[in-house]
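Novice: Build me a model:
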Amino acid sequence: MHFHLSGIGGAAMAPLAGMLAERGYRVTGSDAGVYPPASNLLEGLGIRWTSGFAEANLDPAPDIVVIGNVLSRGNPEVEYVLDRKIPYRSLPQTLEEFFLPGHDSLVVTGTHGKTTTTSMLAWILEVAGHRPNFLIGGIAENFGRSFGLGGGGEFVLEGDEYDSAFFDKAPKFLHYHPDEVIITSLEFDHADIYSDLAAIELQFRRMVNLVPRRGRIVAWEESETVRAVVQKAFCPVETYGFSPGVDWLAGDLEFTEGETRFRVSHRGAEVARVRMSAAGSHNVLNALAAIAIARGRGASRTATEQALATYRGVLRRLEVKGEASGVLVVDDFAHHPTAIRVTIDAARNRWPGRRLWAVFEPRSNTMRRRVFENDLASSLSTADAAVLGAVNRASLLGDEERLSPARVLQSIRVAGRRAEGFDSADEIAEFLARETRPGDLVLVMSNGSFDGLCGKLLGRLQERGVPAGKTQG
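Specialist: Now for the predicted structure:
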């Protein structure tokens, strides 16, 4: 069977291409641009793709075209598929039809922490000998890739609430027929497709309603919205958090440079003592949720503790890019005010005593809008100084809808913090190379490449004359 992936360079589409190829299908693809890590993955698997969209890419006609959710009517391949009645699927539909049958579907959902929690769960199950299948929205460093077909009975999936395709407006997680679910958090996001938090809560309630009676939901107790969406579940609901009374409790937290320690108890009985390199209280919660699912599926205490002690994280989650002239440069995917706040907090825990510069690019469809202006300013104000990049694709939004960097910067200054804004990554790199001093930490946050800012900054810092060296922070 021949699959063609229109939009093959997407964060989830490229791993899907790899999964299809490993299953023995013929796979081709096309996209307006394919860049690392997607290009590296596809090249390593010998998957051919074409740069740009054209009818010729579908001649001869494939058996199925998987259409990415960034494509819409007017795209030449979409129009050709519809004209010629070539069978087509969204990415979640493809998983639903070709990969999930015969497996227990373990779905990690929530506004924050999905990727890290999914990778932690997959790694615990791997160390426990379960040979899990998994699909993660980032490169899990323990596996060296974002997907795996281990052949075991479990399929661990990151369940996104974003819609699936122009013809399939259901959230992705509704296609995954969950047997067990983690709900890490629930806040307003994706302002381009959801009008308010209530609209997102409705989709989570629909997902909860799909979990069978024999299934299980592991829910973060300290979120009022999470508690609300699981109230009418037909399956057992287990809670986790830091508050007494939860089913899965993390206590005795210790944060040191390079290590996080905590104790896990299940309904009053100790089940694990964890030591891991992942920093921040949010990662303790992520690990706690993964432990709850894994222990319920038979992972031993020894395997759980060993897995988290050797857990290496996900690329672009507090990823150290390098150190030059005594300045540490760290990259993170954070792109929501809550994620920005907890990422700054985690960076302080991991590298205490450093002056912290928070550098943020308003790039996601939500953060380009003014809906989170006040929250963004509040989160960035928790750093010692903040630098704000230009609003990505600003011309596509009207003045009344678009985030105003000037207003955000003014709010940060009112809070007593230094704040500067620039129109380009080059300007930011020049500014930081000039203003930072040895011992500083520059935390770069964006859900895109930020035009290569980390590399540009390290290059400018090297020009100060102090040799650069990759750190192991």
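Novice: The stretch 101-250 of the chain: helices as residue ranges?
Specialist: When secondary structure is read from DSSP state H, counting those that start in this stretch, the stretch 101-250 of the chain shows helices at 114-127, 197-208, 224-229.
Novice: how far is the lowest-mean-pLDDT helix or strand in the chain from where the chain is centred?
Specialist: Counting by mean pLDDT, DSSP states H and E, the chain has its least confident helix or strand at helix 38-45, which shows a mean of 86. In this view, helix 38-45 has its centroid 20 Å away from the chain centroid, taken as CA atoms, centre = their mean, to the nearest Å.
Novice: cool, and stretch 439-459?
Specialist: The answer for stretch 439-459 is 18 Å, by CA atoms, centre = their mean.
Novice: Check stretch 333-344 too.
Specialist: Using CA atoms, centre = their mean, the offset of stretch 333-344 from its chain centre is 11 Å.
Novice: What average pLDDT does that stretch get?
Specialist: The pLDDT scores in stretch 333-344 average 89.
Novice: that's a strand at Val27, yeah?
Specialist: Yes - Val27: assigned to a strand according to DSSP: H, G, I helix; E, B strand; the rest coil.
Novice: And it, how far from Leu149?
Specialist: Separation of Val27 from Leu149 (CB to CB, to the nearest Å) stands at 14 Å. From N, CA and C alone the C-beta is placed, and that goes for glycine too.
Novice: The two: who's more crowded?
Specialist: Neighbours per residue, other CB atoms under 10 Å: of Val27 and Leu149, the larger number sits with Val27, 27 against 16.
Novice: Val211: neighbour count?
Specialist: Neighbour count for Val211, taken as other CB under 10 Å: 23.
Novice: what do you get for Tyr240?
Specialist: Neighbours around Tyr240, by other CB under 10 Å: 26.
Novice: which residues of the stretch 301-450 of the chain fall in strands?
Specialist: Taking DSSP state E, counting those that start in this stretch as the criterion, the stretch 301-450 of the chain carries its strands at 319-324, 327-332, 356-360, 385-388, 418-421, 441-445.
Novice: can you redo those strands as CSV with distance to Val342 and mean neighbour count?
Specialist: CSV is the format used below for these (distance: least, CB to CB, whole Å; neighbours: other CB atoms under 10 Å):
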stretch, distance to Val342, mean neighbour count
strand 319-324, 16, 20
strand 327-332, 10, 24
strand 356-360, 12, 26
strand 385-388, 16, 24
strand 418-421, 20, 18
strand 441-445, 11, 26
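Novice: can you redo the ones you listed as CSV with distance to Gly241?
Specialist: Converted to CSV, the strands of the stretch 301-450 of the chain look like this (distance: least, CB to CB, whole Å):
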stretch, distance to Gly241
strand 319-324, 27
strand 327-332, 23
strand 356-360, 26
strand 385-388, 30
strand 418-421, 33
strand 441-445, 25
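Novice: Of all the ones you listed, which one comes closest to Val127?
Specialist: With respect to Val127, and counting by CB to CB, the nearest of those is strand 319-324 at 22.4 Å.
Novice: Work out the gap between the closest one and the centre of the chain.
Specialist: 20 Å.
Novice: quick check: angle from that strand to strand 327-332?
Specialist: Angle between the axes of strand 319-324 and strand 327-332 is 160 degrees (criterion: axes from the mean of the first three to the mean of the last three CA atoms, to 10 degrees).
Novice: Which strands or helices does strand 319-324 pack on?
Specialist: Secondary-structure packing of strand 319-324 (3 or more CB pairs under 8 Å, 6 or more residues apart in numbering; DSSP states H and E): strand 327-332, helix 453-462.
Novice: residue contacts, the residue most central in space within the chain?
Specialist: Taking CA atoms, centre = their mean as the criterion, Thr115 is the residue nearest the geometric centre of the chain, at 4.3 Å. By CB atoms under 8 Å, 6 or more residues apart in numbering, the contact list for Thr115 reads Ile136, Gly137, Gly138, Glu158, Val314, Arg317, Phe333.
Novice: tell me the contacts of the second one?
Specialist: What it means is Gly137. Ala11, Ala12, Lys114, Thr115, Thr118, Ser146, Glu158, Asp160.
Novice: most surrounded residue in the residues you listed?
Specialist: Highest neighbour count within the contacts of Gly137, by other CB under 10 Å: Thr118, with 30 neighbours.
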